[in-house]
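>>> Whatever this is, show me its structure:
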Amino acid sequence: MIKVAVLTRTTDEPIIAMLVDLLAKQNIAEIVAVCDTVSRWNQLIEKDSVAITILDGRLPELSSARKVTEFLSSYAPEGMKFIYFSDSRNVFVPDCQACLTASVSPLLLSATIVLVAFGYRVHLSDLEERLEEVAVVHGLSAREGEILRLIANGQTNRQIAEQLGIAVGTVKNYTSRIFQRLGLRSRTNAALWAQDRLYEPSRYED
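Alright, predicted model coming up:
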């Protein structure tokens with residue numbers, strides 16, 4: 001089991017609660033600590049054998065690539081891997097194994113955890129592109145693949161319709177066809193199906 005800690009601006013971050021549920025269904029990784037201060041994080045990672053820490057760039061001490069590099073040089077235990085997320089799509093921290101946006105879905109974050117644990121560097125655009133490619137390989141059209149990605153990311157039919165500029169009824173029709181073709185029964189099934197197929201290591205090697 002991959003043990004994960006989270007250093008975030010608030011321990012009530014909604015994405016963390018959803019991530020805990022998704023990881024529990026997969027039985028691959030678990031969140032063992034959620035901290036909102038560096039000192040608390042330091043105490044907890046000493047107690048647990050944490051392999052990966054997720055860093056929230058909205059914390060003042062982690063708000064830029066320079067600050068993250070300084071943080072890692074001061075506090076990072078040997079062998080620990082880091083996933084960094086921030087409000088910017090352009091932030092890149094060389095010492096982190098993954099850099100994502102703060103709006104990343106629990107699905108893509110959970111997939112990132114597994115890929116990072118096995119030694120790969122992950123970029124959000126790669127994951128999004130990969131998910132749509134996987135859908136096409138399994139017999140879906142490009143549009144169906146796009147909608148599957150949005151479903152798996154937790155968006156409602158109305159949110160998908162607004163994002164793509166189509167009617168809610170059209171999204172419902174697409175969703176029914178996608179679920180029927182892939183043998184899925186629910187949006188949770190869709191997320192788990194997609195997550196399983198994101199673990200293609202060759203896509204994420206340096």
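
>>> Just the buried positions in stretch 111-128, please.
111-117, 120-122, 124, 126-128 (16 or more other CB atoms under 10 Å). C-beta here means a position set from N, CA and C on the backbone, and glycine is covered the same way.

>>> Just name the shakiest helix or strand of this protein by mean pLDDT.
Ranked by mean pLDDT, DSSP states H and E, the helix or strand of the chain with the weakest confidence is helix 124-137, at a mean of 74.

>>> residues touching the closest residue to Asn157 other than its chain neighbours, list them.
Distances taken as CB to CB, 6 or more residues apart in numbering place Val171 nearest to Asn157, at 4.5 Å, with adjacent residues excluded. Contact analysis of Val171 by CB atoms under 8 Å, 6 or more residues apart in numbering lists Ile147, Asn157, Arg158, Ile160, Ala161, Leu164.

>>> among those, who's most crowded?
In terms of neighbour count, Ile147 stands highest of these at 28 neighbours, by other CB atoms under 10 Å.

>>> so that residue makes contact with Ile160?
Yes - the criterion here is CB atoms under 8 Å, and Ile147 meets it with Ile160 at 6.1 Å.

>>> hmm, who's touching stretch 137-144?
With contact meaning CB under 8 Å, 6+ apart, stretch 137-144 is reached by Glu132, Ala135, Val136, Leu148, Tyr174, Arg177, Ile178, Arg181, Leu182, Arg197.

>>> which SSE is the fourth one in?
Counting by DSSP states H and E, the element that carries Leu148 is helix 142-152.

>>> Show me what counts as buried in that helix.
If you call a residue buried by 16+ other CB under 10 Å, then helix 142-152 has these buried ones: Glu144, Gly145, Glu146, Ile147, Leu148, Arg149, Leu150, Ile151, Ala152.

>>> Using CSV, list the CA coordinates for that helix.
What follows is helix 142-152, C-alpha atoms only, in CSV (Å, rounded to 0.1, in the frame of the first residue of the first chain):
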residue,chain,number,x,y,z
ALA,A,142,-13.3,11.3,-30.1
ARG,A,143,-16.3,13.1,-28.7
GLU,A,144,-17.3,10.2,-26.6
GLY,A,145,-13.8,10.0,-25.3
GLU,A,146,-13.9,13.7,-24.4
ILE,A,147,-17.2,13.2,-22.5
LEU,A,148,-15.9,10.1,-20.7
ARG,A,149,-12.9,12.1,-19.5
LEU,A,150,-15.2,14.8,-18.1
ILE,A,151,-17.5,12.2,-16.5
ALA,A,152,-14.5,10.4,-14.9
